[in-house]
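Engineer: kindly return the folded structure for what I paste below:
(2 chains)
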There are 2 protein chains.
Amino acid sequence: MQVSDAEWSKSEKNIAQTAFKQAYERETAALIKEVREKASAIATLDDVWQLHDFLSAKRHEIDGKYDYRYSVLVFVFATLVREGWLHLDELEGMSVDKRTKIAALTRM
Amino acid sequence: MQVSDAEWSKSEKNIAQTAFKQAYERETAALIKEVREKASAIATLDDVWQLHDFLSAKRHEIDGKYDYRYSVLVFVFATLVREGWLHLDELEGMSVDKRTKIAALTRM
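Structural biologist: Numbering: from 1, shown residues only, chains lettered A, B, ... in the order given. Okay, the predicted model is just below:
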């Protein structure tokens, strides 16, 4: 189900970039909010190390997830839709084929 | 300059345990305060990862530093005094020899 660089039109790339950035900004903003909330509730050293573990996991997850290579982008978008950082209708303008693939992948 | 278990009297051990615990509680409380302050100032994802780096370093540092083995305790106390988590006069009741060693090490 790989979709290579060549199969993305210029206007699809624009839509993809905007959607990718939008999802990233949403997830980032939510993470910042969550970290501030968790930190404000810290009462013990265990809480501090739990925050550290949480950040380690999130950093690993976010570094891996936001991979803007056209060969993997349908999988990336499917993950972002499944997790709620992106809506399928924000990909409108991309080919029906790609949107069908992404929609199918979100249900896996 | 090693001081083994056998060279610590029972009353010295009590003083050492209290001082150790005191320093640990002070540093822990300061860390919790610092983490809450840093977290409340988080505005960007970079700030989040800076907090993560800070916590990684602190965890490593604290795990390594609070080593309650009598063979290394004079070094541990010297570090804690140097860093301001403990005062030399809180070790009163320990042998002059040990306190002299600790005081000398704090100046290294």
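Engineer: so who does residue A:49 touch?
Structural biologist: By C-beta atoms under 8 Å, 6 or more residues apart in numbering or on different chains, the contact set of residue A:49 is B:55, B:59. (Each C-beta comes from the backbone N, C-alpha and C, glycine too.)
Engineer: next one: phi and psi at residue A:95?
Structural biologist: phi -60, psi 150 (degrees, to the nearest 10).
Engineer: which SS class is the residue nearest the centre of chain A?
Structural biologist: With distances taken as C-alpha atoms, centre = their mean, chain A has residue A:80 as the residue nearest its mean C-alpha position (4.0 Å). Going by DSSP: H, G, I helix; E, B strand; the rest coil, the secondary structure assigned to residue A:80 is helix.
Engineer: surely it is in contact with residue A:21?
Structural biologist: No: if you go by C-beta atoms under 8 Å, residue A:80 and residue A:21 don't touch, sitting 11.2 Å apart.
Engineer: skipping its backbone neighbours, what lies nearest residue A:94 in space?
Structural biologist: residue A:12 (5.0 Å; C-beta to C-beta, 6 or more residues apart in numbering or on different chains).
Engineer: so the one you found is in contact with residue A:92, correct?
Structural biologist: No: counting by C-beta under 8 Å, residue A:12 stays clear of residue A:92, with 10.9 Å between them.
Engineer: who's more crowded, those two?
Structural biologist: Higher neighbour count among residue A:12 and residue A:92: residue A:12, with 18 against 10, using other C-beta atoms under 10 Å in any protein chain shown.
Engineer: quick one: that one and chain B, what's the gap?
Structural biologist: 27 Å (C-beta to the nearest C-beta, to the nearest Å).
Engineer: hang on, that residue in a strand?
Structural biologist: No: assigned with three-state DSSP, residue A:12 falls outside any strand and is helix.
Engineer: so which bits of chain A are right by chain B?
Structural biologist: A:28, A:31-32, A:35-36, A:38-40, A:42-45, A:47-49, A:51-52, A:55-56, A:58-59 (C-beta under 8 Å from any C-beta of the partner chain).
Engineer: can you rerun that using 6 Å?
Structural biologist: Proximity of chain A to chain B, by C-beta under 6 Å from any C-beta of the partner chain, involves residues A:28, A:32, A:35, A:36, A:39, A:42, A:45, A:48, A:52, A:55, A:59.
Engineer: excluding chain neighbours, what is closest to the residue of chain A at minimum distance from chain B?
Structural biologist: Evaluated by C-beta to the nearest C-beta, chain A has residue A:39 as its residue closest to chain B, separated by 2.9 Å. Nearest residue to residue A:39 in three dimensions, chain neighbours excluded: residue B:39, at 2.9 Å (C-beta to C-beta, 6+ apart).
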